[in-house]
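Asks: sequence unavailable; structure follows:
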Ligand code: ATP
């Protein structure tokens, strides 16, 4: 083992740079060389690969986005494209690859592993939707950004007696909506993992008004529907002074929180340690605050991310 390749893929997440830094610095301090691959699997196939020096990692821990850029490259699902990627890795003398990204990116790492090239999947996505880990890098920052926006919306909602519907990211997993919603004292949290009862939500808003609370906040995960669609449905139950907001890509940007930086540092160092022990084909994660590694093929084929929906029950109790 002499050279480790690193790429970031799929949607960018705060803390991807902290992840790249941790892998590169850990590798270099262990006497290995680190190679950065630009634009995810697209750059891998194109051979957009360069050596990373420790000095290149200076200051990037605090930067959002990814210095290695990211890309969507659906062609990587084809076997011939995967084999081209392996050819490039061999050309650059790279012995193992760490893929930082979401579950789609993990599939890329899994394919390379199936072809005999040791790859490790490292969770970097705001959605927190990867099997094999309690938390992904980027999730905590996305929740903090969303919470800041929800607090601001709460201020204006209070002043104008409005019902705000705020759509947060999360196509398949409602984790961002749940965490930000609980922290923002939302009146209702609507997530894809559970059925919702729009009539009951409308009723609750009316009840709130009768009880003297005339501003309301509904946090909606994008996987359910858009804020505009939800508003249209809710408006059928009377005049609730609704406003719809979509927070969008703002949730991806910004300087990572301390929690995301530390998690990225632990994951990166752990990935290098495993590769040095000759282990590969793994998905790494954190469970009960312990670093864990599981077989990437088994993780993707037999496991699913489980959203802690009990947070919605908690919110309902605290909002009663
Ligand atoms: P996020 O959920 O944060 O958007 P992601 O990693 O799930 O991140 P995707 O767009 O699903 O994002 O996947 C990223 C890239 O991974 C794809 O553009 C493609 O290059 C590769 N990829 C996805 N699915 C597969 C697959 N089945 N086989 C090989 N490569 C894949």
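Replies: Here it is on my side, so go on. This is a predicted model, so every value here is computed, not measured.

Asks: and residue 244, what element?
Replies: Assessed by DSSP states H and E, residue 244 sits inside strand 242-246.

Asks: may I see the buried residues of that strand?
Replies: Neighbour counts over strand 242-246 (16 or more other CB atoms under 10 Å) mark 242, 244-246 as buried. The way it works is simple: take the backbone N, C-alpha and C, and place the C-beta from them, glycine included.

Asks: gap between that strand and the chain center?
Replies: 24 Å (CA atoms, centre = their mean, to the nearest Å).

Asks: ok, that strand: who's next to it in the sheet?
Replies: strand 163-168 (parallel) (DSSP bridges).

Asks: what is the subsequent helix or strand relative to the partner strand?
Replies: Immediately after strand 163-168, counting by DSSP H and E, sits helix 175-183.

Asks: packing partners of the helix or strand following that next one?
Replies: Once the chain leaves helix 175-183, the next helix or strand it forms, by DSSP H and E, is strand 188-190. Here strand 188-190 touches helix 175-183, helix 198-210, strand 216-221, helix 310-318, going by 3 or more CB pairs under 8 Å, 6 or more residues apart in numbering; DSSP states H and E.

Asks: get me the contact residues on the stretch 1-150 of the chain for the ligand.
Replies: Contact residues, the stretch 1-150 of the chain versus the ligand (CB under 6 Å from any ligand atom): 9-11, 40-41, 72-74, 76-77, 101-105, 107-108, 111, 125, 127.

Asks: residue 171 touches residue 223, doesn't it?
Replies: Yes. The pair residue 171 / residue 223 is scored as a contact, 4.5 Å apart, by CB atoms under 8 Å.

Asks: each with direction, which strands does the helix or strand encompassing residue 99 pair with?
Replies: Secondary structure from DSSP H and E places residue 99 in strand 96-101. Next to strand 96-101 in the sheet, as set by DSSP bridges, lie strand 3-8 (parallel), strand 119-123 (parallel).

Asks: ok, and what's touching it?
Replies: 1, 4-11, 16, 19-20, 23, 37, 40, 66, 70, 89, 105-106, 108-109, 112, 117-125, 137, 268, 271, 275, 280 (CB atoms under 8 Å, 6 or more residues apart in numbering).

Asks: mind listing which of the residues you listed are in strands?
Replies: 4-8, 37, 119-123 (DSSP state E).

Asks: take those residues and lay them out in CSV including neighbour count and pLDDT.
Replies: Shown next, in CSV, are the ones in strands among the contacts of strand 96-101 (neighbours: other CB atoms under 10 Å; pLDDT from 0 to 100):
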residue, neighbour count, pLDDT
4, 27, 97
5, 25, 98
6, 26, 98
7, 32, 98
8, 31, 98
37, 30, 98
119, 26, 95
120, 28, 96
121, 34, 97
122, 31, 98
123, 34, 97
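
Asks: wait, what's in contact with the residue of the stretch 101-250 of the chain found nearest the ligand?
Replies: Nearest to the ligand in the stretch 101-250 of the chain, going by CB to the nearest ligand atom, is residue 104, at a distance of 2.0 Å. The contact partners of residue 104, taken as CB under 8 Å, 6+ apart, are 9-10.
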